[in-house]
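Peer 1: With the sequence up front, the predicted model follows.
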There are 2 protein chains.
Amino acid sequence: MTEKIGILALGHGSRLPYNKDVISGVADLIAEKYENTVVRIGFMNMDDPTMDEGIKAFEGTGVTTIVAVPIFLAHGVHTTEDIPQILGVSRENRSTIIHLNDSDVTLFYSEPLGADQLIADLAYKRALEAME
Amino acid sequence: MTEKIGILALGHGSRLPYNKDVISGVADLIAEKYENTVVRIGFMNMDDPTMDEGIKAFEGTGVTTIVAVPIFLAHGVHTTEDIPQILGVSRENRSTIIHLNDSDVTLFYSEPLGADQLIADLAYKRALEAME
């Protein structure tokens, strides 16, 4: 059996429901398409589960690698300072070892989405939809 | 000649350079790939050009339709209240007529990026890159 990768989809969190809906929806879409993944979600603030709860939610899944992916468009104070501090990583040293189920698990911290052709394609799609 | 669509890529704006870099980068990627577009950028706050300046930047391009696309992941107070107010549209009536170069131009307001497979694919790509 191929080992699965844990992906922790990190959201900003909001008092409104939209941010959580998008993060949850994206997490489901990753899990459905990429069968080699175990996907969990966590929010920086204002929503549950928290990032720590999201990491704990990998207990029992058997993953030995978790990648925390900030579902943010761009870097900012949250992705460069707040989230790395919570995860115990830095921009220079983007991985750490955490303990889960009495096992060592490697936690990586990825880049945010950034300026990618996929974002450009999606923005163009939204533009066309708006004119329908 | 096929008429071009004006796309106004709307960013949140930030005191840090990252948000503007991403919005500018996405705008360039749209313009390069989709030859039927004229793309301009505008920021809600903290960065130039403003949204109004972004709209004015379509003067002389000959576009008769502009779609303002919020390059935001999810709806929130900004996309449901602040930006529609600046644009003069509402969520119920998502288009308006503006005057540009003494011509009438239809301005549409699109949905934000949202929970789309393209975001899921990009998040998965960032996860794989982080493990390299």
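Peer 2: Noted; the coordinates are in hand.
Peer 1: Considering only helices and strands, which part of chain A has the lowest mean pLDDT?
Peer 2: helix A:77 (a mean of 93; mean pLDDT, DSSP states H and E).
Peer 1: show me where chain A has strands.
Peer 2: Taking DSSP state E as the test, the strands found in chain A are A:5-11, A:37-43, A:65-70, A:95-100, A:103-109.
Peer 1: in stretch A:53-63, what's buried?
Peer 2: A:54-55, A:57-58, A:63 (16 or more other Cβ atoms under 10 Å in any protein chain shown). Just so you know, the C-beta spots here come from the backbone N, C-alpha and C atoms, and that holds for glycine as well.
Peer 1: I meant to write stretch A:27-41 there.
Peer 2: Result for stretch A:27-41 [16+ other Cβ under 10 Å]: buried residues A:27, A:29-31, A:34, A:37-41.
Peer 1: got the residues you listed as JSON lines, with pLDDT columns?
Peer 2: JSON lines is the format used below for the buried residues of stretch A:27-41 (pLDDT from 0 to 100):
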{"residue": "A:Ala27", "pLDDT": "98"}
{"residue": "A:Leu29", "pLDDT": "98"}
{"residue": "A:Ile30", "pLDDT": "98"}
{"residue": "A:Ala31", "pLDDT": "98"}
{"residue": "A:Tyr34", "pLDDT": "97"}
{"residue": "A:Thr37", "pLDDT": "98"}
{"residue": "A:Val38", "pLDDT": "98"}
{"residue": "A:Val39", "pLDDT": "98"}
{"residue": "A:Arg40", "pLDDT": "98"}
{"residue": "A:Ile41", "pLDDT": "98"}
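Peer 1: List just the nearest of these to chain B.
Peer 2: Proximity of those to chain B was ranked by Cβ to the nearest Cβ; the top entry is A:Leu29 with 3.6 Å.
Peer 1: Now do the contacts for the nearest residue to the closest one once chain neighbours are set aside.
Peer 2: Nearest residue to A:Leu29 in three dimensions, chain neighbours excluded: B:Ala120, at 3.6 Å (Cβ to Cβ, 6 or more residues apart in numbering or on different chains). For B:Ala120, the contact set (Cβ atoms under 8 Å, 6 or more residues apart in numbering or on different chains) comprises A:26, A:29-30, A:33.
Peer 1: Of those, which is the nearest to A:Asn101?
Peer 2: Nearest to A:Asn101 among the contacts of B:Ala120 is A:Ile30, at 22.6 Å by Cβ to Cβ.
Peer 1: Output the below-cut-off pLDDT ranges for chain A.
Peer 2: Chain A contains residues with pLDDT under 70 at A:1.
Peer 1: run the last query once more with 80
Peer 2: A:1-2, A:91-92 (pLDDT under 80).
Peer 1: distance of A:Gln85 from chain B?
Peer 2: In this view, A:Gln85 and chain B are 17 Å apart by Cβ to the nearest Cβ, to the nearest Å.
Peer 1: for A:Ile119, same thing?
Peer 2: Distance from A:Ile119 to chain B, by Cβ to the nearest Cβ: 5 Å.
Peer 1: just to revisit the earlier point, need the max-distance pair from the contacts of B:Ala120.
Peer 2: Going by Cβ to Cβ, the pair spanning those furthest: A:Val26 and A:Lys33, at 10.9 Å.
Peer 1: Tell me how many other residues surround A:Glu92.
Peer 2: Close neighbours of A:Glu92, defined as other Cβ atoms under 10 Å in any protein chain shown, add up to 6.
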